[in-house]
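Trainee: Kindly generate the corresponding structure for this input.
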Amino acid sequence: MRVNDLERTVKFWKEVMGFHETDRNKHGMVFFRCGADHHAIGLKPMKAGKTPRRDMKNSLQMEHLAFEVDDVEMLKKAKAYLKAND
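Mentor: Residues are numbered from 1 along each chain as shown. Just a heads-up that it's a prediction; the model follows:
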């Protein structure tokens with residue numbers, strides 16, 4: 001998730017949501033876990049000088065989203081559902 005105030009967002013995920021910081025990388029990204037996986041959330045700082053969009057249609061800037069499913073059949077069902085529901 002791209003954010004314009006990295007440390008404020010880090011504080012939110014730690015103090016409000018109760019996630020644990022697991023890593024920071026050379027790109028300035030910060031990763032958090034809430035279970036056994038290395039991370040469930042990854043924050044990426046916005047490029048310097050870039051203004052975040054404030055309208056509801058374009059405000060969340062997500063680059064990657066993953067779901068963990070039980071098996072391939074569940075994955076196929078999820079794909080069919082998403083395709084049918086645009």
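Trainee: Which residues are in contact with residue 67?
Mentor: With contact set as C-beta atoms under 8 Å, 6 or more residues apart in numbering, residue 67 has these partners: residue 78. Bear in mind the C-beta positions are built from the backbone N, C-alpha and C, glycine included.
Trainee: Now tell me what touches the helix or strand where residue 75 lies from outside.
Mentor: Using DSSP states H and E, residue 75 sits in helix 72-84. Defining contact as C-beta under 8 Å, 6+ apart, one finds that helix 72-84 is touched by 67, 69.
Trainee: Kindly report the same for stretch 27-38.
Mentor: Under C-beta under 8 Å, 6+ apart, the answer for stretch 27-38 is 6, 10, 13-14, 17-25, 39-45.
Trainee: how many other residues sit next to the nearest residue to residue 42 once chain neighbours are set aside?
Mentor: Sequence neighbours aside, residue 31 is the residue nearest to residue 42 in space, at 5.0 Å (criterion: C-beta to C-beta, 6 or more residues apart in numbering). Residue 31: 19 surrounding residues under other C-beta atoms under 10 Å.
Trainee: Would you state the strands of this structure in chain order?
Mentor: Assigned by DSSP state E, the chain shows strands spanning 2-3, 20-24, 30-33, 41-45.
Trainee: and these as TSV, adding distance to residue 81?
Mentor: Output for the strands of the chain, formatted as TSV (distance: least, C-beta to C-beta, whole Å):
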stretch	distance to residue 81
strand 2-3	27
strand 20-24	31
strand 30-33	28
strand 41-45	24
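Trainee: any chance of the ones you listed in JSON lines, plus mean pLDDT and distance to residue 80?
Mentor: As requested, those are exported to JSON lines (pLDDT from 0 to 100; distance: least, C-beta to C-beta, whole Å):
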{"stretch": "strand 2-3", "mean pLDDT": "83", "distance to residue 80": "30"}
{"stretch": "strand 20-24", "mean pLDDT": "93", "distance to residue 80": "34"}
{"stretch": "strand 30-33", "mean pLDDT": "92", "distance to residue 80": "30"}
{"stretch": "strand 41-45", "mean pLDDT": "88", "distance to residue 80": "27"}
